[in-house]
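# missing the sequence, but the structure's below:
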């Protein structure tokens, strides 16, 4: 079955277009069976920022790759959040739902539970056309990013270089 780390790697390959896997990692990624157990959505403040089981699985698969995924997440997520805000502001709810879904996948795959939950709320708001509370939820997402990235950086094998921050 495909595990959370394999799903995370696949997601990042597709959505962030990175070419960071060697042949054996690609074989492991695409030849492993798929885990069909759905993840439960966490409540926002009662859960830890990170699901450390997911981090441990990613670390076991490849610590260097985990470090790279954390760096990509740190670099790309603020841009994704701004894109999401712009799409909601423009009234493009379909695009906003797709961007929120992409961000939800990235946060879930890295175990960023609180951000995952907020992204779920944004998807629901976009699908329901309820844009009156979007600003508040986007602000919650922005506020959750800093503690999330600090927690993720704490899971790196070494501090990120200045070029990757």
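Ah, there it is. In this text the structure is predicted, and so the values were computed from the model without any measurement.
# Have a look at the protein and report the helix or strand with the lowest mean pLDDT.
The helix or strand of the chain with the poorest confidence is helix 23-31; it has a mean of 45 (mean pLDDT, DSSP states H and E).
# Would you mind giving me the confidence score for residue 3?
In this model, residue 3 is scored at 56, pLDDT.
# same thing with residue 144?
In this model, residue 144 carries a pLDDT of 97.
# and if you look at residue 15?
Residue 15 carries a pLDDT value of 48.
# pLDDT below threshold where in this structure?
Applying pLDDT under 70 to the chain flags residues 1-45, 159-165.
# do that again at 50, thanks
Scanning the chain for pLDDT under 50 picks out the ranges 1-2, 13-43, 163-165.
# Going along the chain, name the helices of it.
With helices called from DSSP state H, the chain shows them at 4-16, 23-31, 52-61, 63-89, 93-109, 113-128, 134-153.
# what about those helices, which gets the closest to residue 46?
When the helices of the chain are compared by Cβ to Cβ, helix 113-128 sits nearest residue 46, at 9.7 Å. (C-beta placed from N, C-alpha, C; glycine too.)
# Now do the closest one: which elements does it pack against?
helix 93-109, helix 134-153 (3 or more Cβ pairs under 8 Å, 6 or more residues apart in numbering; DSSP states H and E).
# Just say which of the ones you listed is most tucked in.
helix 93-109 (a mean of 21; mean count of other Cβ atoms under 10 Å).
# how far away is residue 74 from residue 93?
Distance from residue 74 to residue 93, counting by Cβ to Cβ, to the nearest Å: 28 Å.
# my bad, residue 79
20 Å.
# do residue 157 as well
40 Å.
# Residue 132 too?
Using Cβ to Cβ, we find residue 132 at a distance of 13 Å from residue 93.
# next one: residue 114
For residue 114 relative to residue 93 (Cβ to Cβ), the value is 23 Å.
# try residue 68
33 Å.
# can you check residue 137 too?
As judged by Cβ to Cβ, residue 137 and residue 93 stand 14 Å apart.
# got a list of contacts for stretch 145-153?
Under the criterion Cβ atoms under 8 Å, 6 or more residues apart in numbering, residues 49-50, 70, 73-74, 77-78, 81, 107, 110, 112, 114-115, 159-160 lie in contact with stretch 145-153.
# Brilliant, that's me finished.
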